[in-house]
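Trainee: from the sequence below, what's the structure:
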Amino acid sequence: MADTALFFHKSCLGHEPGVNHPESPNRLVSIEKYLSSENFKELLRFDSPLANISDLKHVHASGHVDEIFELIPSSGYEFVDGDTVLSPKSGEAALRSVGAACAAVDKVLSKEVDNAFCALRPPGHHAEPSRSMGFCLFNNVAIAADHARRVHGLTRVAVVDFDVHHGNGTQAAFEKDGDLFFASTHQFPFYPGTGNIDETGVGNIVNVPLKHSTDSEAFRLAIIEKVLPALRRHEPEIIILSAGFDAHYQDPLASLNLVEDDYRWITWELVRVANEKCDGQIVSCLEGGYNIDALGRSVAAHVGALMEAN
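Mentor: From the prediction side, this is the model:
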C-alpha cells in the first residue's frame, strides 16, 4: 500500500461559473463523497496551499496573469471567453489549484508521500502561456513541472494527459523544450482543434488522436503502443498526470467509451513506468469529467490504483 496524498481545499468550490455550466462545484462534491468511503481511510489528506502569483508568471506571461486577476468581478460574472467564466472567488480557487499541484510535487520529491492526487478546480490543461480558455485559467500541471525543475533541480519532467480534450496549453508550454515531455490521448477532431499526430514539438510531444466512439480495447492499445514506449524513452524524473475523466462513456461533453476500469488500468501502467524510471514519483491533477457520478466513480478507481502502488 502506497502513501498517497489527497490535496483539496474548500475554496475550490467557490469558483462558480454559473448555473448549468458543466464545470460545476458539484464535481468536487462528488469526488469528496467517493473518497470519503472506508476504502480511502488511509489517504493522507492535505489542504491545498495558496500559490504565489509569481509562481504563475514562470509559465504564463506576466501581463496575462495580471489581466486575469484584474478581470475577477466583485459580484456576478466576467467572461474570459464563451466557456471560461470568472466569479468573485475564482482567484483564490485558481491559486489553491496551482498551490495544490506544487505542494504535491514537494511532498512526493521530499519522500513524505509516494504519490498524490489533487482534487482541484478550475482545471488547467487548456490554459496557454498567454491565453485562458476551455474552463481553464492557469495551467496547473505546467506550473507544477516548472516548480519541480526550478525549486527541486529536476531536469526531465513528463506530463501524460488522458483527458478527452487535447491539452493544447501544456503542449504550447512544452513544445520547444526537449527536457519536457507531453503525451496526450484525446478525441479528434474535437475541441480545441489541436492534437494532430504530426504535432511533435522538438520530438518531445506525442499526440494520440482517438476516433469518435473509441472503446476500452482501442484506448489501451494506443497507450501500450504509443504513449508508454515514448514515456520510457524520455527517462522522466517525475511524472505529472492531467487526469481528465471525460472520456467516460457517460460524459455529456464527448463521445469516447471508456469505463472506470480503464482509469484504474492506465494508472497502474503509469505507476509501473514511474517505478522503473523515477522511484514511483507521480503527481496527478484533476482536469475534466462532467457526468458528476461517473466522475466520482472514475476518480475513486484512479486514486485507488495510486494507493495500490508498490
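Trainee: could you point out the longest helix in this protein?
Mentor: helix 90-109 (DSSP state H).
Trainee: do me a favour and average the pLDDT over the very next helix or strand once past it.
Mentor: Heading C-terminal from helix 90-109, the first helix or strand you meet, by DSSP states H and E, is strand 115-118. Mean pLDDT, computed over strand 115-118, is 98.
Trainee: how distant is strand 115-118 from the center of its chain?
Mentor: Mean-position distance between strand 115-118 and its chain equals 10 Å (C-alpha atoms, centre = their mean, to the nearest Å).
Trainee: the closest residue in space to residue 267 that isn't next to it in sequence in helix, strand or coil?
Mentor: Ranked by C-beta to C-beta, 6 or more residues apart in numbering and with sequence neighbours excluded, the top spatial neighbour of residue 267 is residue 305, at 3.6 Å. Bear in mind the C-beta positions are built from the backbone N, C-alpha and C, glycine included. Three-state assignment for residue 305 (DSSP: H, G, I helix; E, B strand; the rest coil): helix.
Trainee: show me what the longest helix of the chain is packed up against.
Mentor: Packing partners of helix 90-109 (3 or more C-beta pairs under 8 Å, 6 or more residues apart in numbering; DSSP states H and E): strand 4-8, helix 53-56, strand 115-118, helix 140-150, strand 238-243, strand 282-286.
Trainee: got those as a markdown table, with mean neighbour count columns?
Mentor: Compiled in a markdown table, those are given as follows (neighbours: other C-beta atoms under 10 Å):
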| stretch | mean neighbour count |
| --- | --- |
| strand 4-8 | 24 |
| helix 53-56 | 19 |
| strand 115-118 | 30 |
| helix 140-150 | 26 |
| strand 238-243 | 28 |
| strand 282-286 | 30 |
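Trainee: tell me the secondary structure for residue 42?
Mentor: On the three-state scheme (three-state DSSP), residue 42 is labelled coil.
Trainee: can you count the residues close to residue 62?
Mentor: Look at residue 62: counted by other C-beta atoms under 10 Å, it has 13 neighbours.
Trainee: hmm, back to that, the residue nearest to residue 267: neighbour count?
Mentor: By other C-beta under 10 Å, 22 other residues sit near residue 305.
Trainee: next one: stretch 38-52 to chain centre, how far?
Mentor: 16 Å.
Trainee: could you pull out the strands for the chain?
Mentor: In the chain, strands defined by DSSP state E lie at 4-8, 44-47, 78-79, 85-86, 115-118, 157-161, 180-187, 205-210, 238-243, 282-286, listed in chain order.
Trainee: run through who's touching the third one.
Mentor: Residues outside strand 78-79 that contact it (C-beta atoms under 8 Å, 6 or more residues apart in numbering): 71-72, 85-87.
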